[in-house]
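Trainee: Starting from these lines, generate the structure:
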Amino acid sequence: MESTALIPLQYALDTFYFLICGALVMWMAAGFAMLESGLVRAKNTTEILTKNIVLYALACVMYLLFGYYLMYSGDAGGVLPNFGFLIGAEHAVETVAAGGEGAPYYAKRADFFFQVVFVATAMSIVSGAVAERMKLWAFLAFAVVMCGVIYPVEGYWTWGGGFLKEAGFKDFAGSGIVHLAGATAALAGVILLGARKGKYGSNGQINAIPGANLPLATLGTFILWFGWFGFNGGSQLKMSTISDANAVASVFVNTNLAAAGGLLAALVVARILFGKADLTMILNGALAGLVAITAEPSTPTGVQAALIGAVGGVLVVFSILLLDKLRIDDPVGAISVHGVSGIWGVLAVPLTNSAASFAAQLLGVACIFAWVFVASLLAWGLIKLVMGLRVSEEDEYEGVDIVECGMEAYPEFTRK
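Mentor: This is a model prediction of the structure:
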């Protein structure tokens, strides 16, 4: 039994660690903003930046009002969380506590802060996939639903003690719960939204639409890589014991190696397929490796982590090409990076974690995809009926910066 004299010190250390990791994950919002603004055309830069910073604020408010209570409502083994807080009933979130045998020692508010930045990450995935043709206010309306209801319900199934946790589903930091969920919501939106004008020709031709600023996209990838140490490392929840400190070290090392493996694999595949070192594929390969290792970064060896990331890097290249053939227009490759690699990461867990089973992992993937896709399709469809999803063809041609935000990101380069 631990000495009671150590409890205040553990509480302080674990709370501090939790908050620092949450701040690192918050910094990933900047990474998404830079990545996406670099991969869209200059005429759509201001709008994509606006979406990214506003969605972060919306996620914080909606998760405070609804999401956190739903996700940690305390009905163990259930499919639907406890909605009692809506009528003022007692809810379990008030007792997220420090102490007790085997319990983490951290402040409740630190837990909320760490969880809310995960919600914002899931929604950031959506913004890139629907870029350059969606109305700003339609996107923000969906963010309210995604952050307040859709994400918390499926998050509850595992992290809140719902039926997927009871079934043995394992997802350490959210390859499925965060990344697959965000990609699935994006897929539903893209299907209803349609492709950008000029992306696909009538004869099956696929036209490349290059991004405006690859230095920004590269910077965004580095920021995301950096922030991912908080994303995965913080999911250990504490580090005030020797075993937890060792686990955190393993998580950091494996997260880094998976990103490197994904990047190098994507580089090689791009060289074989295109004869060139395609920078956009390289960047997405690194992110795919990070997404893949997120489901279980603590149990693999370094070599295994690099291989898991490498498979993610290979998959993302072929997935991006396949989606283009299917005429699913994703300007930044978000659906492939977070969806396909997220599925791979979840299914790879039993390869290194003997406590996981493929059946439970498949169940988790199927349930998360089905719930998020159907709920998102309904939400996007309702928004389409009420206000429309897409800007006019003329506004899309001129760029959404002026029509949605009234300003341009690079006004000195505007044609007179």
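Trainee: and residue 409, what helix or strand is that in?
Mentor: Assigned by DSSP states H and E, residue 409 falls within no helix or strand.
Trainee: I'd like the distance between it and residue 47.
Mentor: 9 Å (CB to CB, to the nearest Å). For every residue, glycine as well, the C-beta is placed using N, CA and C.
Trainee: if I look at these two, which residues touch both of them?
Mentor: Common contacts of residue 409 and residue 47 (CB atoms under 8 Å, 6 or more residues apart in numbering): residue 401.
Trainee: now the stretch 101-250 of the chain, which segments are flagged as low pLDDT?
Mentor: The stretch 101-250 of the chain contains residues with pLDDT under 70 at 101-105.
Trainee: where exactly do the helices run in it?
Mentor: 108-129, 136-145, 151-158, 163-167, 181-193, 214-233, 242-274 (DSSP state H, counting those that start in this stretch).
Trainee: Show me what the third one is packed against.
Mentor: So the one you mean is helix 151-158. helix 68-71, helix 108-129, helix 163-167, helix 181-193, helix 358-386 (3 or more CB pairs under 8 Å, 6 or more residues apart in numbering; DSSP states H and E).
Trainee: still on that earlier bit, more neighbours: which of residue 409 and residue 47?
Mentor: A count of neighbours by other CB atoms under 10 Å puts residue 47 above the other of residue 409 and residue 47, at 28 against 20.
Trainee: Just the element for the more buried one, please.
Mentor: helix 45-62.
Trainee: That helix: which residues count as buried?
Mentor: Of the residues in helix 45-62, 45-52, 55-56, 58-60, 62 count as buried by neighbour count, 16 or more other CB atoms under 10 Å.
Trainee: Identify the farthest-apart pair in these.
Mentor: Using CB to CB, the pair of those lying farthest apart is 45 and 62, separated by 25.9 Å.
Trainee: what's the spacing between residue 210 and residue 266?
Mentor: 18 Å.
Trainee: Looking at these two, which one has more neighbours?
Mentor: A count of neighbours by other CB under 10 Å puts residue 266 above the other of residue 210 and residue 266, at 31 against 9.
Trainee: in terms of contact, does that one touch residue 280 like I think?
Mentor: No - between residue 266 and residue 280 there is no contact under CB atoms under 8 Å: 9.6 Å.
Trainee: Need the pLDDT of residue 411.
Mentor: Residue 411 carries a pLDDT value of 88.
Trainee: One more: residue 416?
Mentor: 43.
Trainee: next one: residue 67
Mentor: 93.
Trainee: just checking, it touches residue 120?
Mentor: No - in this structure, residue 67 is not within contact of residue 120 by CB under 8 Å, at 10.8 Å.
Trainee: Which one's more surrounded, the two?
Mentor: residue 67 (27 against 23).
Trainee: residues touching the more buried one, list them.
Mentor: Residue 67 touches 116, 119, 147, 148, 149, 151, 152, counting by CB under 8 Å, 6+ apart.
Trainee: Could you report the distance from it to residue 193?
Mentor: 25 Å.
Trainee: still on that earlier bit, of all the helices of the stretch 101-250 of the chain, which one is nearest residue 76?
Mentor: helix 163-167 (7.4 Å).
Trainee: got TSV for the helices and strands packed on helix 151-158, with distance to residue 300 too?
Mentor: Shown next, in TSV, are the helices and strands packed on helix 151-158 (distance: least, CB to CB, whole Å):
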stretch	distance to residue 300
helix 68-71	27
helix 108-129	22
helix 163-167	22
helix 181-193	23
helix 358-386	15
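Trainee: Quick check: residue 62 touching residue 147?
Mentor: Yes - under the criterion of CB under 8 Å, residue 62 makes contact with residue 147 at 4.1 Å.
Trainee: list residues touching both of the two?
Mentor: In contact with both residue 62 and residue 147: residue 119, using CB under 8 Å, 6+ apart.
Trainee: any common contacting residues for residue 67 and residue 120?
Mentor: residue 147.
Trainee: Now do the contacts for the residue nearest to residue 176 when sequence neighbours are not counted.
Mentor: Residue nearest to residue 176 in three dimensions, not counting chain neighbours: residue 346, with 4.4 Å by CB to CB, 6 or more residues apart in numbering. Contact analysis of residue 346 by CB under 8 Å, 6+ apart lists 171, 175, 176, 180, 295, 361, 364, 365.
Trainee: farthest pair in those residues?
Mentor: Based on CB to CB, the longest span within those runs between 180 and 361 and measures 11.5 Å.
Trainee: So what's the gap between stretch 173-186 and the chain middle?
Mentor: Between the centre of stretch 173-186 and the centre of its chain there are 6 Å (CA atoms, centre = their mean, to the nearest Å).
Trainee: For that stretch, measure first residue to last.
Mentor: End-to-end distance for stretch 173-186: 20 Å, by CA to CA, to the nearest Å.
Trainee: a helix runs through residue 76, doesn't it?
Mentor: No - counting by DSSP: H, G, I helix; E, B strand; the rest coil, residue 76 is not part of a helix but coil.
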